[in-house]
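1. take a look and give me a structure for this.
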Amino acid sequence: MNDPKNLLYSNTDFDRFYTSIGKRSVLDARDDFERDHGRIVHSSAFRRLQAKTQVIGPQEGDFHRTRLTHSMEVAQIARGIAIHLNKNSEVLREVGKLDISLVEAAALAHDFGHPPFGHQGERALNEKMNKFGGFEGNAQTFRILTRLEGNKKVGLNLTRATLLSILKYPVVYEDAVNEQVYSRKENNFKPPKTSVFLEDKKIFDWLLQDFNNEEKEFLTSLEEKRPDGNDELVHRKTINKTFECSIIELADDIAYATHDLEDALKLKLIDIRDLQGIFEEYKGIYEITELSEQALGINPKTDDFTFQLKEFFAKLISILITNIEVKVRNFINSPRLRYSAVLPSDLNEIRERLNSLVKQEVILSQRVQTIEWKGGQIIRRLFDAMMNDKNLLPKKDREGWGSKSERERARQVCDYIAGMTDSYAAKMYARLFEANAGRLFDI
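-> Residues are numbered from 1 along each chain as shown. Alright, predicted model coming up:
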């Protein structure tokens, strides 16, 4: 990436917010993006993903995906997209190649901020933080990387390009939230899509300082009003992101539509006929006809059912990856924003259908919702208890408690709970609220 002919990256992409900390050793053979990759892989936040819910909670068995294996698969798919574009994109042949280490590093870290118990956990924390700056998993990811992980003052001190690659929704929570959403009777405190809390705006501003005013406005622009004019029902949402971030978003969506669906089929939460029916509708586009015939041959009653699924989804992922293209925005100069990765609309429609199948048949099923609901209750009660008694927090989190504002205290409690694994949160809840539970060394 130090090749001067590679126009995708400039010197400022390698900048770190804290220039005097963690300087590169002369003995280190890695470049800056590879160092970012190493910091992410060796972080505590990365290891904690192994015990956090992806779609089905980790306590339900050791077969299905967790947040950790999901993140590793997203990184593998993102790597495949980058390799494909580097090799086949006419655009990149002219301007330079994507950095694989950068793409992989950002993909591995993209879910760091997700709290225990999936989206119900996120909504429960957002409800409790409603008066204190809110909570959203992507914004917590940014906070972990820039403040909480590693050195408590600097986080992992990643490069500008890596942080921009993770910034899926480049807007501060307060600028995205629509308070009218929370006043609705059926409100469930679903947070706005945002990647930055107000407390972390300083480093967010630093990230953007290399862009001119037009580019900043482009990156942080919010969706226009809804076509039906019913704006009080939704939060505001950003519509643009950096090149590498667009790759990671596609990889995340592909993993969700394939690997999570594969788990659901193996666990018999979804009938194979539902999958076959979708692909029957899309015969004739790209390589889908052959894939549709392959789907019809999958039989849950055979001994090699698992292998059949694996082969099917491997081919589907390959079709999706190899049809991704680079879109060019000629009115933008910065390569971070000038290019984006896009999936053709008909293939994207298939992906959305598969995503919807997982959502309707698994995520919104009674089995999953009852477990998630319980998780939300656990988080609400933990938050209330810790806000009312600082002694329930670790010693390091009690320091200066009396001198902090209520918002600062709430954010500190939120950080602690959001960082818990599902099992740790359940143990803490049992320790506090169940008469016969809790031993001195079980947390």
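
2. which residue, neighbours along the chain excluded, lies closest to N86?
-> K97 (4.4 Å; Cβ to Cβ, 6 or more residues apart in numbering). Using the backbone N, CA and C atoms, a C-beta is placed for each residue, glycine as well.

3. per-residue pLDDT, the one you found?
-> K97 carries a pLDDT value of 95.

4. and what of the one 10 residues further on?
-> Here the pLDDT value assigned to A107 is 97.

5. burial count for the residue nearest to N86?
-> When neighbours are counted by other Cβ atoms under 10 Å, K97 registers 19.

6. which strand or helix spans it?
-> K97 is part of no helix or strand when elements are defined by DSSP states H and E.

7. what sits against it?
-> 6, 8, 86 (Cβ atoms under 8 Å, 6 or more residues apart in numbering).

8. do you know how far the last one is from G150?
-> Right, the one you point to is N86. 31 Å (Cβ to Cβ, to the nearest Å).

9. looking at the two, which is more packed in?
-> It is G150, of N86 and G150, that has more neighbours when counted by other Cβ under 10 Å, with 20 against 15.

10. before we move on, what's the pLDDT of that one?
-> pLDDT at G150 comes out at 79.

11. how near is it to L309?
-> 39 Å.

12. repeat for I203
-> Distance from I203 to L309, by Cβ to Cβ: 43 Å.

13. cool, E408 as well?
-> 49 Å.

14. who's more crowded, these two?
-> Shown here are E408 and L309; by other Cβ under 10 Å, L309 has more neighbours (21 against 15).

15. tell me the SS of the more buried one?
-> helix (DSSP: H, G, I helix; E, B strand; the rest coil).

16. distance check, the closest residue to it other than its chain neighbours against Y182.
-> Of all residues not flanking L309 in the chain, E262 sits nearest, at 5.4 Å (Cβ to Cβ, 6+ apart). Separation of E262 from Y182 (Cβ to Cβ) stands at 36 Å.

17. find the nearest non-adjacent residue to A257, please.
-> L354 (3.9 Å).

18. quick one: pLDDT of that neighbour?
-> Reported pLDDT at L354 in the predicted model: 93.

19. any idea which element it lies in?
-> Using DSSP H and E, L354 maps to helix 345-358.

20. any low-confidence regions in the stretch 301-443 of the chain?
-> The model of the stretch 301-443 of the chain has pLDDT under 70 over residues 437-443.

21. show me where it has strands.
-> 325-328, 339-342 (DSSP state E, counting those that start in this stretch).

22. and these, which is most packed in?
-> Scoring the strands of the stretch 301-443 of the chain by mean neighbour count under mean count of other Cβ atoms under 10 Å gives strand 339-342 as the most buried, with a mean of 21.

23. test my guess that D36 contacts T162.
-> Yes. Using Cβ atoms under 8 Å, D36 is in contact with T162, at 4.5 Å.

24. find residues that contact each of these two.
-> Contacts common to D36 and T162, judged by Cβ under 8 Å, 6+ apart, are 102, 105.

25. one step back: and the residue nearest to L309, that one's in a strand?
-> No. Counting by three-state DSSP, E262 is not part of a strand but helix.

26. isn't it up against Q308?
-> No. Between E262 and Q308 there is no contact under Cβ under 8 Å: 10.6 Å.

27. between these two, who's got more neighbours?
-> Per other Cβ under 10 Å, whichever of E262 and Q308 has more neighbours is E262, with 22 against 17.

28. can you give me the helices in the stretch 251-400 of the chain?
-> For the stretch 251-400 of the chain, the helices defined by DSSP state H, counting those that start in this stretch occupy 272-280, 288-296, 305-322, 335-338, 345-358, 366-388, 395-398.

29. which residues in the stretch 101-250 of the chain form helices?
-> For the stretch 101-250 of the chain, the helices defined by DSSP H, counting those that start in this stretch occupy 118-128, 137-143, 160-166, 173-176, 179-182, 201-208, 213-220, 243-266.

30. orientation of the longest one relative to helix 345-358 in degrees?
-> Put plainly, it is helix 243-266. Note on geometry: by axes from the mean of the first three to the mean of the last three Cα atoms, to 10 degrees, helix 243-266 and helix 345-358 are set 50 degrees apart in direction.

31. show me what helix 243-266 is packed against.
-> In terms of contacts (3 or more Cβ pairs under 8 Å, 6 or more residues apart in numbering; DSSP states H and E), helix 243-266 is packed against helix 67-88, helix 100-109, helix 160-166, helix 272-280, helix 305-322, helix 335-338, strand 339-342, helix 345-358.

32. any idea how far the second one is from the chain center?
-> If I follow you right, that is helix 100-109. Offset of helix 100-109 from its chain centre (Cα atoms, centre = their mean, to the nearest Å): 12 Å.

33. try the third one
-> Here helix 160-166 is found 13 Å from its chain centre; the criterion is Cα atoms, centre = their mean.

34. buried residues in it, which are they?
-> 160-166 (16 or more other Cβ atoms under 10 Å).

35. contacting residues around I144?
-> 45, 112-113, 155, 419.

36. with distance to E122 added, can I get those residues in a markdown table?
-> Output for these, formatted as a markdown table (distance: Cβ to Cβ, whole Å):
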| residue | distance to E122 |
| --- | --- |
| A45 | 16 |
| F112 | 13 |
| G113 | 9 |
| G155 | 21 |
| G419 | 13 |
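
37. who wins on neighbours among the residues you listed?
-> F112 (30 neighbours).

38. wait, isn't that residue in contact with F46?
-> Yes. The pair F112 and F46 passes the contact test of Cβ under 8 Å, sitting 7.3 Å apart.

39. what ranges in the stretch 101-250 of the chain fall below the confidence cut-off?
-> Using pLDDT under 70, the flagged stretches of the stretch 101-250 of the chain are 185, 224-232.

40. name the nearest of the contacts of I144 relative to F142.
-> G113 (7.2 Å; Cβ to Cβ).

41. the closest residue to the closest one other than its chain neighbours: neighbour count?
-> Excluding its sequence neighbours, the residue lying closest to G113 (Cβ to Cβ, 6+ apart) is Q140, at 2.9 Å. Neighbour count of Q140, defined by other Cβ under 10 Å: 26.

42. so who does Q140 touch?
-> 112-115, 197, 415, 418.

43. so N126 makes contact with P192?
-> No. Counting by Cβ under 8 Å, N126 stays clear of P192, with 9.1 Å between them.

44. intersection of neighbour lists for these two?
-> Common neighbours of N126 and P192 (Cβ under 8 Å, 6+ apart) are 134, 136.

45. so the protein: which segments form each domain?
-> Domain assignment for the chain by automatic domain parsing gives 11-239, 244-366, 370-433.

46. of these, flag the one that's most buried.
-> domain 11-239 (a mean of 19).

47. hmm, back to that, what distance do you get for the residue nearest to L309 to F312?
-> Between E262 and F312 the distance is 8 Å, computed by Cβ to Cβ.
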